[in-house]
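Q: everything below, folded, please.
(chains A, B, C and D)
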2 protein chains.
Amino acid sequence: MDIQLLQRNIERFISLNQDEIDFLISKVVIKKLRKRQYFLQAGEWCRYQGFVNKGCLRTYEIDEKGAEHVVLFTPEDWWVGDLYSFYTTEPSKLNIEAMEDCELFIFDKDSLEEIYTHIPKMERFFRLLMQNALIALSRRMMSSMTQTTLERYCDFIQRYPEIEQRVPNHQIAAYLGVKPESLSRIRKQYLQSDKKTS
Amino acid sequence: MDIQLLQRNIERFISLNQDEIDFLISKVVIKKLRKRQYFLQAGEWCRYQGFVNKGCLRTYEIDEKGAEHVVLFTPEDWWVGDLYSFYTTEPSKLNIEAMEDCELFIFDKDSLEEIYTHIPKMERFFRLLMQNALIALSRRMMSSMTQTTLERYCDFIQRYPEIEQRVPNHQIAAYLGVKPESLSRIRKQYLQSDKKTS
DNA sequence: CGTCTATTTGAATGTACTCAAAAGCGGTGG
DNA sequence: CCACCGCTTTTGAGTACATTCAAATAGACG
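A: This is a model prediction of the structure:
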């Protein structure tokens, strides 16, 4: 089993010796999802945290008015799951859908507990993941309050250049919080203006 | 020392026996702030988590364009601090200012560690605080994407009826993400419309 | 009482919205 | 291979809402 990507992902925050890596490998469960399959549906308890080894997913929420809002996209090398539901065991309000065929490494609460016991550093790693989620959300909040949609679109495509090619525009619109028609007009502006400004 | 409010706050999530309460009391440090004093300024490391026993603070951020954005208001019975900076020891981007004379119970990292050691349940309590911060932020994010400003204003005043009386309107505007002039017009609508609709 | 700040009001502008329709694109079946 | 269908993206026209800038009013504090 090739967990290269996962290993490097973890080692950005903490370092692991060979025993620890071997133990981790013993706990990895592979989950494959076909395009349009759900990793999580609203109403379910989020049983797993997943590491995206291949493919790309989108996490979205449906509001009272029935509109979809993309919370985030998770391509390779990202973690995916509803941390809140996972820890509280409460039903999630999020939907997580494979946008392409995906390969995930998943961990349920029990495996994670065993990992914590064997490799206490990993507790730190997951707490950091949660903190990062908090920070990322704060940033998005700020940028949605302070920047124009064009600026946020520029940020998006330079921050996630791969994703921009891989997902349909109307979902990027749902991420930016505008209607597809508006995004279309914004892209026109963007293409007309100096792209190098990004 | 009267930690009634703090005690009840904690016991909403976990239960404590008398020994644990006594230990907690021994660790409490009181911090008084006069109106306009800062609990935290951007650039500093957030050394303390504070429980607001009296008064009300506002946490805000200043964006690249120089505009203030209120992240949240924290009246009595709320916890205040920048959890991210606190845990990472990185400089905070947030400002936390007393809007009235305040009395806080503050805990630094060392005290907290001792508390965790003596009362392991408290670790759970603080992890829950962080999760709640994450959820609260997600909700705000959603509501700012899906609701009109009038709806968000209604939500705000029914959710925090006390605060509405206590803070100047331009700061409520900075919380809702609109200009004070806009909030003024929205309040006019609100007063003209049926208030019971809230 | 006067100064400083907060709030309200007005008019013009801009940005995203709705609704509606057209164009583009991909896949299926004749 | 082409015709057709469904879905995505683009374009257009008119509307709604918040913004800017400017000025007037109201409140707070010394």
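
Q: so how many other residues sit close to residue A:103?
A: 16 (other Cβ atoms under 10 Å in any protein chain shown). No exception for glycine: its C-beta is placed from N, CA and C like everyone else's.

Q: is the lowest-mean-pLDDT helix or strand in chain A positioned near chain B?
A: In chain A, no helix or strand scores lower on mean pLDDT, DSSP states H and E than helix A:121-146, which sits at a mean of 84. Yes - shown here: helix A:121-146 in contact with chain B (Cβ under 8 Å from any Cβ of the partner chain) through A:127, A:130-131, A:133-135, A:137-138, A:140-142, A:144-146.

Q: measure the residue most central in space within chain A to residue B:54 for me?
A: Taking Cα atoms, centre = their mean, the centroid of chain A lies closest to residue A:74, which sits 3.3 Å from it. Computed as Cβ to Cβ, to the nearest Å, the residue A:74 to residue B:54 distance reads 43 Å.

Q: how distant is the least confident helix or strand of chain A from the center of its chain?
A: 12 Å (Cα atoms, centre = their mean, to the nearest Å).

Q: ditto for stretch A:12-30
A: Distance, centroid of stretch A:12-30 to centroid of chain: 21 Å (Cα atoms, centre = their mean).

Q: mind listing what's buried along that stretch?
A: Under the neighbour-count criterion of 16 or more other Cβ atoms under 10 Å in any protein chain shown, stretch A:12-30 has A:16, A:20-21, A:23-24, A:27 buried.

Q: okay, it in CSV with CA atoms only?
A: Extracted C-alpha coordinates of stretch A:12-30, given in CSV (Å, rounded to 0.1, in the frame of the first residue of the first chain):
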residue,chain,number,x,y,z
ARG,A,12,4.5,18.5,7.7
PHE,A,13,3.4,18.9,11.3
ILE,A,14,5.0,16.1,13.3
SER,A,15,7.7,13.5,12.6
LEU,A,16,7.2,9.8,12.6
ASN,A,17,9.7,6.9,12.9
GLN,A,18,9.4,3.7,10.9
ASP,A,19,7.5,1.8,13.6
GLU,A,20,4.9,4.6,13.8
ILE,A,21,4.5,4.6,10.0
ASP,A,22,4.1,0.8,10.0
PHE,A,23,1.4,1.1,12.7
LEU,A,24,-0.3,3.8,10.8
ILE,A,25,-0.3,1.6,7.6
SER,A,26,-1.9,-1.2,9.6
LYS,A,27,-4.8,1.1,10.5
VAL,A,28,-5.4,2.5,7.0
VAL,A,29,-8.6,1.5,5.3
ILE,A,30,-9.1,2.3,1.7
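
Q: can you tell me if that stretch touches chain B.
A: No - interface with chain B: stretch A:12-30 contributes nothing (Cβ under 8 Å from any Cβ), its closest point being 11.4 Å away.

Q: need the residues that contact that stretch.
A: A:1, A:3, A:6-7, A:10, A:103-108, A:111, A:114-115, A:118-119, A:121-122, A:124-125, A:128 (Cβ atoms under 8 Å, 6 or more residues apart in numbering or on different chains).

Q: what is the mean pLDDT for that stretch?
A: The average pLDDT within stretch A:12-30 is 95.

Q: what's the answer for stretch A:71-90, then?
A: Mean pLDDT, stretch A:71-90: 92.

Q: now do the same end-to-end measure for that stretch.
A: 19 Å (Cα to Cα, to the nearest Å).

Q: is DNA strand D contacted by that stretch?
A: No - judged by Cβ under 7 Å from any atom of the strand, stretch A:71-90 and DNA strand D are separated, with a smallest distance of 14.2 Å.

Q: okay, buried residues for that stretch please.
A: Those would be A:71-75, A:79-87, for stretch A:71-90 by 16+ other Cβ under 10 Å.

Q: burial of residue A:118, as a residue count?
A: Using other Cβ under 10 Å: residue A:118 sits among 15 other residues.

Q: which one is it nearest to, not counting chain neighbours?
A: residue A:23 (5.2 Å; Cβ to Cβ, 6 or more residues apart in numbering or on different chains).

Q: report all helices and strands that the following helix or strand past the least confident helix or strand of chain A contacts.
A: Next helix or strand after helix A:121-146 toward the C-terminus (DSSP states H and E): helix A:149-159. Contacting helix A:149-159 under the criterion 3 or more Cβ pairs under 8 Å, 6 or more residues apart in numbering or on different chains; DSSP states H and E are the following elements: helix A:121-146, helix A:169-176, helix A:180-192.

Q: show residues contacting the second one.
A: Okay, so that is helix A:169-176. Contact with helix A:169-176 is made by A:58, A:60, A:67-70, A:72-73, A:99, A:149, A:152-153, A:156, A:164, A:179-180, A:182-184, A:187, as judged by Cβ under 8 Å, 6+ apart.

Q: mind checking the SS state of the residue nearest to the centre of chain A?
A: Under DSSP: H, G, I helix; E, B strand; the rest coil, residue A:74 falls in the strand class.

Q: and for residue A:100?
A: Residue A:100 ends up coil, using three-state DSSP.

Q: just give the closest residue to it, not the sequence neighbours.
A: Take residue A:100 and drop its neighbours on the chain: the residue closest to it by Cβ to Cβ, 6+ apart is residue A:55, 4.6 Å away.

Q: if I look at residue A:118, how far off is residue A:48?
A: Distance of residue A:118 to residue A:48, computed by Cβ to Cβ: 19 Å.

Q: next: residue A:54.
A: Distance of residue A:54 to residue A:48, given as Cβ to Cβ: 16 Å.

Q: so those two - more neighbours on which side?
A: residue A:48 (20 against 14).

Q: list the contacts of that one.
A: A:31, A:39, A:81, A:86, A:106-108.

Q: and residue A:29, its phi and psi?
A: Note on residue A:29: backbone dihedrals following degrees, to the nearest 10 are phi -120, psi 130.

Q: please name the bridge partners of it.
A: residue A:106 (DSSP bridges).
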